[in-house]
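Peer 1: make a model of this:
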Amino acid sequence: MKINSRLLKIVNFLYHNNPTNIKEIARSLDISERAVRYEIDNFNFILEMNNVPGVQKLPMGTLKIDKNFFNTKYVPLLKDIVKETKENRSSFIKFLFLAENSINISQTAKKLGISRATVKNDLLGLEDEFRMNNVILEGQNIISSEKNTRDYLLKCFSKDINALYYFVPEKNELIYSYLSERISTLYIDAVKEFIQQIINIFKNTDNAFYEFIFAYIIITILRVKENRSLCDIKNENFLENIEEYHIITEQAESLESSLGIRFSKVEKLQLTDYILGFVSYSYNTSVLENWIEIEIFVKDLIALVNEDIDYNILHDEQLAEGLLNHMKPLIYRLKNNFSINSDIHIKAVEEHFNIFYLVKKSLSKFNSIICKEISDSEIALLTLHFLASIERNKNKSGNYNKNILLVCYGGYGTSMLVKDNLEQNYHVKIESVISYFQLSNYDLSDIDYIISTVKLKNRLLYPEKPKIIEITPFFSIEDQKTLEENYIFKKKNNEIRVSVNEIVTIVKKYATIHNPESLNHELVKIFNKETLYPAKENKFMDYISPDKIQYTESVKDWKESIFLAGSDLLQSGYINNSYIEEIINVTETFGAYFVLGNKIAIPHGQLAKNVYKNGINILYIKKPVTFPNNKKVSLIFFMAALEKNAHLNSLASILGLAKNKNFLLSLEKINNNIELFNLIEQYSE
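Peer 2: Predicted coordinates:
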């Protein structure tokens, strides 16, 4: 009786998931249920021939194997029957070369049970491949920078490293064995705890974030243990002055204690640099340089997509906020030459390629801002935000009865798409949307079902409650059948679908509402659903009047210009003094990022912080003042905002003024605030 690699995969799955069932094995290993039954029968025959208890076949297709089997002498024998594939072997040799900075051909051949000639053959072409990825060889040794070596390890072997974290049916056993010998369960638990603390602080539950940071920390541990630490890092001054670095340094103390390893300052700065690629928490120079273009681009992108769909998403603040928060780390990733590349994101939008291509086409304008090409995976992630918004803006029913915990693989857009599909079409209440990494720590006492788009490794840890239902993010016919089989039924077409805003509009016709905002909130509580509040879009000139414009011949320095520009808003109660001080502090730390060029600047502080009302004040300085980095400024638009979209129209208008040659030429001739007001009014859109 022949033992093949498929049978070994099934045995491996049984080891990690005992008990399990035929359907689960077939789904996880992508083989037919008939093939599973065939291989299990073969396996039982072999075990019986050796007087070893076989796999028990229980009712409902459940399979169970005696745990003691995995401690017998037969398990290593089974592993030796089928050698690793050439692809896995070659991949391991490349991994070993990178991980150890050199390769010993004789030792490697002996370890793998192959000839020296085979190892040499597997090494052919690696030098060119390494060179193309900035990894330089000298003979059989790597002499390139530590940063380049780590980056290539991360690029090639992130999935293999994450096999330490969760079950991967097709993992490279050679790499897994190498890592398992060096990274203990204690190390893995400590890294998981550290990442959990970080995501709690930065509010990022995207699995791409988990996997990238987990893999990088494991690589860092391997390298530091071998005394291969980073020596320097770009943007050191910037990184050590941002809040993220201090948070990560503080959280890393417990990680260092658990690992028995001390990370250098440069190591912590590099970790901060990578985390910045996934979060948007505080100031970020890559973002600040283009903050106006980003906000306007997001607004234009939403408007463009809105034209070609059947639902109005123009005032979806959740969409705008999601895109802005996505754009900031996206820019950081692109400018620092690392990107998310995953087919799962593209697959998630393959049924909506019209919107995908619409987004992709519109990104050509954005490419000119950062001079980088955006991958299809990144575009797919942006598309998911729009798909989630479309689902949000369809009419929804407020009739729920099943408490659901939704476990998703993808990021925010994918998760919201699945959530909104369930809430709109089924009698469910989504209690929370989490990543599968968070499942083990979640309180399941009030949960009726776990619906997961992930194949859960520990799916049988909860045999009674709640039941786990696995579906794809795409709600196929098979998924719908699975939900129905578990008594999660679709809503009827004649169920009432009404929004809170519609109710308020009707009430206004027949009664006076003294506090519309409170009424909205109370109605939302009753209907247990979200509402989108209508957004009032003020135009630029709505904020501008002659008394909001100051004219002066000169100022002592740039700090005085900031104080003078914000003084009217301060005296009028729009802001407090801390708002102005924050702008000065940020400028001293990060530079005058708000100077557009052509001697125009738009200083601003954090949204809603120390702000009481939306406002713009204008200062014209006849003799230009010099800001940090030798930036000259004559015209200052000092802005304060309570809401994210308060000044989008104003920003577009100001950007237009900064690019208008006629306006700039005329600006040099003005002599008072009235003339400046008339000039701005003349050239504003």
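Peer 1: give me the contacts around whatever helix or strand Ile584 lives in.
Peer 2: Element membership of Ile584, judged by DSSP states H and E, is helix 577-590. With CB atoms under 8 Å, 6 or more residues apart in numbering as the test, helix 577-590 has contacts from 238, 241, 283, 285, 288, 558-559, 562-563, 566, 570, 593-594, 603-606, 609-611, 627-628, 640. Glycine gets a C-beta too; all of them are placed from N, C-alpha and C.
Peer 1: what's the neighbour count on the closest residue to Asn393 other than its chain neighbours?
Peer 2: Distances taken as CB to CB, 6 or more residues apart in numbering put Tyr311 closest to Asn393, at 4.5 Å, once the chain neighbours are dropped. Counted with other CB atoms under 10 Å, the neighbours of Tyr311 add up to 14.
Peer 1: circling back to that earlier point, by contact count, what packs against the helix or strand following the helix holding Ile584?
Peer 2: For helix 577-590, the following helix or strand on the C-terminal side (DSSP H and E) is strand 595-597. Here strand 595-597 touches helix 648-659, going by 3 or more CB pairs under 8 Å, 6 or more residues apart in numbering; DSSP states H and E.
Peer 1: verify the stated contact: Ile22 with Arg37.
Peer 2: Yes. Contact criterion CB atoms under 8 Å: Ile22 and Arg37 qualify, at 6.4 Å.
Peer 1: neighbour count winner among the two?
Peer 2: Ile22 (19 against 16).
Peer 1: state the distance from the nearest residue to that one once chain neighbours are set aside to Ile468.
Peer 2: Once flanking residues are discounted, Ile22 sits nearest to Gly61: 4.4 Å by CB to CB, 6+ apart. In this view, Gly61 and Ile468 are 16 Å apart by CB to CB, to the nearest Å.
Peer 1: cool, Thr149 as well?
Peer 2: Separation of Thr149 from Ile468 (CB to CB) stands at 40 Å.
Peer 1: okay, the two: which has more neighbours?
Peer 2: Thr149 (24 against 18).
Peer 1: show me what contacts the more buried one?
Peer 2: Under the criterion of CB under 8 Å, 6+ apart, the neighbours of Thr149 are Leu98, Asn101, Val135, Ile142.
Peer 1: take those and keep only those in helices.
Peer 2: Of the contacts of Thr149, the ones assigned to helices by DSSP state H are Leu98.
Peer 1: what element comes up after the helix or strand of the chain with the lowest mean pLDDT heading to the C-terminus?
Peer 2: Taking mean pLDDT, DSSP states H and E as the measure, the helix or strand of the chain with the lowest value is helix 285-288, at a mean of 42. As assigned by DSSP H and E, the chain's next helix or strand after helix 285-288 is helix 291-307.
Peer 1: list the helices and strands that next one packs on?
Peer 2: With 3+ CB pairs under 8 Å, 6+ apart as the test, helix 291-307 has helix 317-335, helix 353-370, helix 648-659 packed against it.
Peer 1: need the contact partners of it.
Peer 2: Against helix 291-307 from outside (CB under 8 Å, 6+ apart): 287, 312-314, 316, 319-320, 323-324, 327-328, 331, 355, 358-359, 362, 365-366, 369, 386, 593-594, 596, 602, 645, 648, 651-652, 654-655.
Peer 1: could I get the contacts of Thr149 as TSV with pLDDT?
Peer 2: TSV is the format used below for the contacts of Thr149 (pLDDT from 0 to 100):
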residue	pLDDT
Leu98	93
Asn101	91
Val135	89
Ile142	91
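Peer 1: farthest pair within the contacts of Thr149?
Peer 2: Farthest pair in these (CB to CB) is Asn101 and Val135. Separation: 10.0 Å.
Peer 1: skipping adjacent residues, who's closest to Thr108 in space?
Peer 2: Val119 (5.1 Å).
Peer 1: isn't the one you found right up against Ile93?
Peer 2: Yes. Using CB under 8 Å, Val119 is in contact with Ile93, at 6.5 Å.
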